[in-house]
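Asks: let me see the structure of the following:
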Amino acid sequence: MLELLRQTVYFGNSILEYSIAAALLIAGCLFLMIIRRVVLSRIIRVTGKTSSAYGDVIVNSIKNHVVPLAYFLLFYTCLIQLRLNSKLYTFLKAAILLICVFFVIRFLLSVIHFWLYNSWAARSGNISARKHVSSVIMNILRLALWVTGILLFLDNIGIKVSAFIAGLGVGGIAVAFAAQAVLQDIFSYFSIFFDNTFEIGDLIAINNIQGTVEHIGIKTTRIRSVTGEQIVVSNAALTGSELHNFKRMNERRATLNIGVVYDTEFDKLREIPGIIKNVIE
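Replies: Take a look at the predicted model:
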């Protein structure tokens, strides 16, 4: 029977070789199921003793990214044990590489997303504004990671991307020079939030402008002046000049000059400090 299975060949592989590959796949799936249950249950038990949300992130990341990737790698490992057509082997290699890039990027984005929205954005201050900044940062990082992943995938399957990357570099320099002012405002936008210079609702003064911050945009910030009009200031101007934030004053000091006529009697002069004290109190 064993000899018959070895001699019966389909598509370059015997039935025995197909059976061994299938057995390895089944055994690997069972092993991964056991490992998943043991590891996840232990992580849940350990993190359940604390109130930290990082445990949920670890569990969800393993379920959504690590476990599916492990099954794909297992399937690929069992499949390449067979004698495959060169074109089919190249296709499978490209497919597993694309899957690895996909799950690695998804894992990185999930970690960054959690840190931005649950750690940095949840700090004291204007939470809604910080979440808006987190959304902008996530979109930029998402685009950068996916572009990098696609370029790495294309390079590993034999497509030369060096000329394309060089073109992007030259084009990026040209765009940077052409949009220097815009890029400066965008970097200043991130500097305002990461450095926590001011927030929406703060009373600030810069140069001859004084008012309450109403909106912080990517390029400009809108300030409602003390006289009522709205003033639009570039973010670069805000970060490049001396800025006074009155909302963060612990106490305010002012010098008041009180004048009296020269012929005021001395007894009345002695009463003035008490009168002023009563007015203030």
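Asks: what is the longest helix along the chain packed up against?
Replies: As assigned by DSSP state H, the longest helix anywhere in the chain is helix 15-47. Secondary-structure packing of helix 15-47 (3 or more CB pairs under 8 Å, 6 or more residues apart in numbering; DSSP states H and E): helix 2-7, helix 54-61, helix 67-79. In short, each C-beta sits where N, CA and C put it, glycine included.
Asks: averaged pLDDT, it. What do you get?
Replies: Here helix 15-47 scores 76 as its mean pLDDT.
Asks: quick one: distance of it to the chain centre.
Replies: 33 Å (CA atoms, centre = their mean, to the nearest Å).
Asks: then stretch 145-152?
Replies: Distance, centroid of stretch 145-152 to centroid of chain: 17 Å (CA atoms, centre = their mean).
Asks: same question for stretch 229-238.
Replies: 26 Å.
Asks: tell me the buried residues in that stretch?
Replies: Neighbour counts over stretch 229-238 (16 or more other CB atoms under 10 Å) mark 231, 233-238 as buried.
Asks: any idea which of the residues you listed is closest to Phe107?
Replies: Of all the buried residues of stretch 229-238, Phe107 sits closest to Asn235, with 32.9 Å by CB to CB.
Asks: who's in contact with the closest one?
Replies: Asn235 is in contact with 185-186, 188-189, 191-192, 216-221, counting by CB atoms under 8 Å, 6 or more residues apart in numbering.
Asks: can you rerun that using 6 Å?
Replies: 185, 188-189, 221 (CB atoms under 6 Å, 6 or more residues apart in numbering).
Asks: okay, now the residue nearest to it when sequence neighbours are not counted: neighbour count?
Replies: Of all residues not flanking Asn235 in the chain, Ser188 sits nearest, at 3.7 Å (CB to CB, 6 or more residues apart in numbering). Residues lying near Ser188 (other CB atoms under 10 Å) number 21.
Asks: and Asp195, by the same measure?
Replies: 10.
Asks: next, it: phi, psi?
Replies: phi -90, psi -10 (degrees, to the nearest 10).
Asks: go on, Leu256?
Replies: Per degrees, to the nearest 10, the backbone of Leu256 is at phi -110, psi 120.
Asks: can you pull the pLDDT of it?
Replies: Reported pLDDT for Leu256: 82.
Asks: same check, this time on Arg222
Replies: On the pLDDT scale, Arg222 gets 91.
Asks: same thing with the one 5 residues further on?
Replies: In the prediction, the pLDDT value recorded for Thr227 is 86.
Asks: repeat for Val170
Replies: For Val170, pLDDT reads 57.
Asks: that older thread, out of the buried residues of stretch 229-238, who's nearest Phe91?
Replies: Using CB to CB as the measure, the one of these that approaches Phe91 most closely is Asn235, at 49.0 Å.
Asks: give me the below-cutoff pLDDT ranges for the stretch 51-200 of the chain.
Replies: 51-58, 117-133, 161-180 (pLDDT under 70).
Asks: quick one: the helices in it?
Replies: In the stretch 51-200 of the chain, the helices defined using DSSP state H, counting those that start in this stretch lie at 54-61, 67-79, 86-115, 127-156, 162-178, 180-194.
Asks: got those helices as CSV, with distance to Ser225 columns?
Replies: Formatted as CSV, these follow (distance: least, CB to CB, whole Å):
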stretch, distance to Ser225
helix 54-61, 44
helix 67-79, 55
helix 86-115, 37
helix 127-156, 20
helix 162-178, 33
helix 180-194, 19
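Asks: so which of these gets nearest Thr212?
Replies: Short answer: helix 127-156, nearest of the helices of the stretch 51-200 of the chain by CB to CB, at 14.0 Å.
Asks: sorry, back to before: which of the helices of the stretch 51-200 of the chain sits closest to Ile34?
Replies: helix 67-79 (12.3 Å).
Asks: packing partners of that closest one?
Replies: With contacts taken as 3 or more CB pairs under 6 Å, 6 or more residues apart in numbering; DSSP states H and E, helix 67-79 sits against helix 15-47, helix 86-115.
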